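> Below is the sequence, then the predicted model.
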Number of protein chains: 2
Amino acid sequence: MTIKDVAKLSGYSIATVSRAMNNQRNVDKNIRAKILECAKTLDYSPNILGKSLRNKDSGIIMCIMLNINNNFLADAFLSAQKQLNNEGYQAILCPVSYDSDYEKKLLHLLEGRLMAGVIFFGTTLGRRELEELNVRFPIVQCSEYIEGAETAFVSIENRLAAFEGVTYLIQNGHTRIGMISSKFGISSTKKRETGYREALESAGISFVSELVRKGNYEPESGYQATMELLTLPEPPTAYFCVSDSMACGCIRALCNSGINVPGDVSVLGFDNSPFARNMVPSITTIGLPYAAIGKKASELLLEQLKNCKKDNEGVLLPHELVLRESVKPLVRCHRVP
Amino acid sequence: MTIKDVAKLSGYSIATVSRAMNNQRNVDKNIRAKILECAKTLDYSPNILGKSLRNKDSGIIMCIMLNINNNFLADAFLSAQKQLNNEGYQAILCPVSYDSDYEKKLLHLLEGRLMAGVIFFGTTLGRRELEELNVRFPIVQCSEYIEGAETAFVSIENRLAAFEGVTYLIQNGHTRIGMISSKFGISSTKKRETGYREALESAGISFVSELVRKGNYEPESGYQATMELLTLPEPPTAYFCVSDSMACGCIRALCNSGINVPGDVSVLGFDNSPFARNMVPSITTIGLPYAAIGKKASELLLEQLKNCKKDNEGVLLPHELVLRESVKPLVRCHRVP
DNA sequence: TTGTAAGCGTTATCAA
DNA sequence: TTGATAACGCTTACAA
């Protein structure tokens, strides 16, 4: 079922059929109607391959995601997808699981314009590679972004968010604060680690590197990290986790060790995932504007797609500290002399 | 950068370059080496659009997913992706969020063979539509599947799993068992509801429809459903939730109402998500072989892709009841006469 | 073994 | 307003 069949059935040339199908003005009203009729009876739909090859534009947006098991990123994607869809584009999700070779292979799909553009929800690419890609194709970085790379991006102020979160723990009397970070050297992690250090510093608390452990965002890794921290001579009285999922494992580890959260020890999460609110205890966490981030990312991409202009605009959206149960003021044990 | 450029640089025809690039045997060893060399220096990679148009095969597998916020499905996808990748295919994820029009639009990508095949992780399509698609394209249904549709599928024995789970609750002394089901009329849900009814039946417990509530898999919806159930004159002493995420909200609702899990009331989940093990209490749940399901789905698809044969094989993989903390024998209150 | 040329399904240019 | 035709990048008969 190709345009030829429609041409044959309608009695017009393929050129006219093409014009009719694409709603171009220079085609007789009645003829268009007839052609569309024919297309319908034949259940004809244009071959996107032929179209894309000719137009060098498929209308498909590739969304590359390092880690798909992340509610926050998934929701940001969904938001972007919706916007893109409204403008006639289709968004597909390409999880790469931190596999650099696979990501590069996928990126080849850009060359023939099989993909019209990319939103990176994290990438294994380096700054140079990203910038090279950016001069040739519409791309935007979303949530994660390479520091200083000349591309459009949307994210949150990770450093500040971490700073505020850890400061909140300090205000609750905690000075021995463990951090469960991620083992992936991505931008959000680096910035959150910086925010953690700066918060300690500005409160006059010295940074202790053995208080920082790395997980892989899975709850289990939060559990492991916490168990390690608990073997320290002086374990933390509060934990700052870089995701709610790891905070979940953290709390479980504490519970298994007979430590009450938040009675004895406090735990701060990150993401405000749908779980955070419903766990026992509910998790005090840093809320991220996932819908706004996805929306903004799609807008930045659409600008490039439609106007072919590159502003390389960088947007940072506001987070919020969501107060719940898992953080409480430290109860000091006053020693009786 | 097209095949022409490589031809020009190497001094050979585009036909020879094409043959060299595709590792065909009928090309001189030295010439091939030289051509590959040229391709490398030019950083040439074939245009998939041109290739696909000509071959009617893009090597891209579309994975349609109703609901992306589902750890289980996401992991099944990852497993399928890995297998497919080993065989030279690329798998992309297309979340459709239960939007039937959008799903149909995506399916048009099959027509021009922009997509080589589809794995459905759930679909809004009806049986008829699915079967029509199946005669023309390689497709397999994964996890969710339309009952009786003549297509290949992999799933688990949802009815049996639910039966065993609910029977386990009954064995623990529970007779008033609430069910938190899903509001999406998908196959897994229907079968689990059947399993629930049959388990009650075979224990001589009568089915009470008001004990069944529907959520949307989000923890919050499990919370709401439970709060409703708690307003009943005689609330359940055990809850069977169709996902761990809803079990999470369920437990929270119970906790908020001063009810101890599992001390007073038991909760059974479904999925064995990474959270289930790390929550407090950890969730007794039904474990699904996500990796095996994804692998099998990809194998069934590869068969169709490579051999062009359609067996429409249906495979049911084994589940397991994962015993943890959230279910305990019912403590009966003996009334003192 | 290599090259020429047709064709995959479109759309844009140009002429009618 | 409509139609013939070239072109997008690639592969594969067929010819050399």
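Good, I have the coordinates. Numbering: from 1, shown residues only, chains lettered A, B, ... in the order given.

> Might you name the residue of the stretch 151-300 of chain A sitting closest to DNA strand D?
residue A:151 (24.4 Å; C-beta to the nearest atom of the strand). For every residue, glycine as well, the C-beta is placed using N, CA and C.

> Give the helix, strand or coil label for residue A:145.
coil (DSSP: H, G, I helix; E, B strand; the rest coil).

> which residues sit in contact with the residue nearest to it when sequence neighbours are not counted?
Closest residue to residue A:145 apart from its sequence neighbours, by C-beta to C-beta, 6 or more residues apart in numbering or on different chains: residue A:153 at 4.0 Å. Contact analysis of residue A:153 by C-beta atoms under 8 Å, 6 or more residues apart in numbering or on different chains lists A:140, A:141, A:142, A:145, A:300, A:314, A:315.

> One more: residue A:105?
Residue A:105 touches residue B:90, counting by C-beta under 8 Å, 6+ apart.

> Residue numbers of the stretch 51-200 of chain A in contact with chain B?
By the rule C-beta under 8 Å from any C-beta of the partner chain, the part of the stretch 51-200 of chain A lying against chain B is A:51-53, A:58, A:60, A:62, A:68-69, A:71, A:74-75, A:77-78, A:81, A:85, A:90, A:92-95, A:97, A:102, A:105-106, A:108-109, A:111-114.

> quick one: the closest residue to residue A:56 other than its chain neighbours from residue B:37, how far?
Nearest residue to residue A:56, sequence neighbours excluded (C-beta to C-beta, 6+ apart): residue A:113, at 4.3 Å. Between residue A:113 and residue B:37 the distance is 27 Å, computed by C-beta to C-beta, to the nearest Å.

> Neighbour count: the two, which is higher?
Legend: neighbour count by other C-beta atoms under 10 Å in any protein chain shown for residue A:113 and residue B:37, higher for residue A:113 (20 against 13).

> that older thread, quick one, phi psi at the residue nearest to residue A:145?
phi -160, psi 160 (degrees, to the nearest 10).

> And it, how far from residue A:184?
18 Å.

> that older thread, and DNA strand D, which of the residues of the stretch 51-200 of chain A next to chain B reach it?
Contacts with DNA strand D within these, counted by C-beta under 7 Å from any atom of the strand: A:53, A:112.

> Give me the buried subset of the residues of the stretch 51-200 of chain A next to chain B.
Taking 16 or more other C-beta atoms under 10 Å in any protein chain shown as the criterion, what is buried in those is A:51-53, A:58, A:60, A:62, A:68-69, A:71, A:74-75, A:77-78, A:81, A:85, A:90, A:92-95, A:102, A:106, A:109, A:111-114.

> Narrow these to those in helices?
A:51-53, A:71, A:74-75, A:77-78, A:81, A:85, A:102, A:106, A:109, A:111 (DSSP state H).

> Please dump those into TSV; it should also carry pLDDT for every row.
Output for these, formatted as TSV (pLDDT from 0 to 100):
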residue	pLDDT
A:51	92
A:52	92
A:53	92
A:71	83
A:74	92
A:75	93
A:77	97
A:78	97
A:81	97
A:85	93
A:102	92
A:106	92
A:109	88
A:111	83
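
> now, which of those sits nearest DNA strand D?
So of those, ranked by how close each gets to DNA strand D (C-beta to the nearest atom of the strand), first place is residue A:53, at 4.0 Å.

> tell me the contacts of that closest one?
Residue A:53 touches A:112, B:47, B:49, B:50, B:53, counting by C-beta under 8 Å, 6+ apart.

> For the third one, which residues are in contact?
The contact partners of residue B:49, taken as C-beta under 8 Å, 6+ apart, are A:49, A:52, A:53, A:58, A:112, A:113, A:114.

> Leaving out sequence neighbours, find the closest residue to the fifth one.
When you say that, I think you mean residue A:112. residue B:47 (3.4 Å).

> try the fourth one
Distance criterion C-beta to C-beta, 6+ apart; nearest residue to residue A:58, sequence neighbours excluded, is residue A:52 at 4.0 Å.

> Next SSE downstream of the helix or strand hosting residue A:9?
In the assignment (DSSP states H and E), residue A:9 maps to helix A:3-10. Going down the chain from helix A:3-10, the next helix or strand is helix A:14-21, by DSSP H and E.

> That next one - contacts with which helices or strands?
helix A:3-10, helix A:29-41 (3 or more C-beta pairs under 8 Å, 6 or more residues apart in numbering or on different chains; DSSP states H and E).

> Turn those into JSON lines, including mean pLDDT.
Shown next, in JSON lines, are these (pLDDT from 0 to 100):
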{"stretch": "helix A:3-10", "mean pLDDT": "94"}
{"stretch": "helix A:29-41", "mean pLDDT": "94"}
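
> Tell me which of those lies nearest to residue B:14.
Residue B:14 lies closest to helix A:3-10 among these, at 26.2 Å (C-beta to C-beta).

> and stretch A:80-100, how far out from the chain's middle?
11 Å (C-alpha atoms, centre = their mean, to the nearest Å).

> mean confidence for stretch A:157-165?
Averaged across stretch A:157-165, pLDDT comes to 98.

> Skip the chain neighbours and tell me the closest residue to the most centrally placed residue in chain A.
For chain A, the residue sitting closest to the mean C-alpha position, by C-alpha atoms, centre = their mean, is residue A:73 at 3.4 Å. Of all residues not flanking residue A:73 in the chain, residue A:121 sits nearest, at 4.9 Å (C-beta to C-beta, 6+ apart).

> would you list every one of the strands in the stretch 201-337 of chain A?
Here the stretch 201-337 of chain A has its strands, by DSSP state E, counting those that start in this stretch, at A:212-215, A:238-241, A:266-268, A:285-287, A:314-317, A:320-322.

> Using CSV, write out every CA atom in the first one.
Output in CSV follows, covering the C-alpha atoms of strand A:212-215 (Å, rounded to 0.1, in the frame of the first residue of the first chain):
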residue,chain,number,x,y,z
VAL,A,212,30.6,9.1,52.1
ARG,A,213,29.6,5.8,50.5
LYS,A,214,28.4,5.1,47.0
GLY,A,215,25.4,3.1,45.7
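
> contact partners of the longest helix along chain A?
Criterion DSSP H: the longest helix present in chain A is helix A:290-307. Helix A:290-307 is contacted by residues A:61, A:72-73, A:75-84, A:87, A:89, A:91, A:116-117, A:119, A:138-140, A:142-143, A:152-156, A:309-311, A:313, A:315, A:317 when judged by C-beta under 8 Å, 6+ apart.
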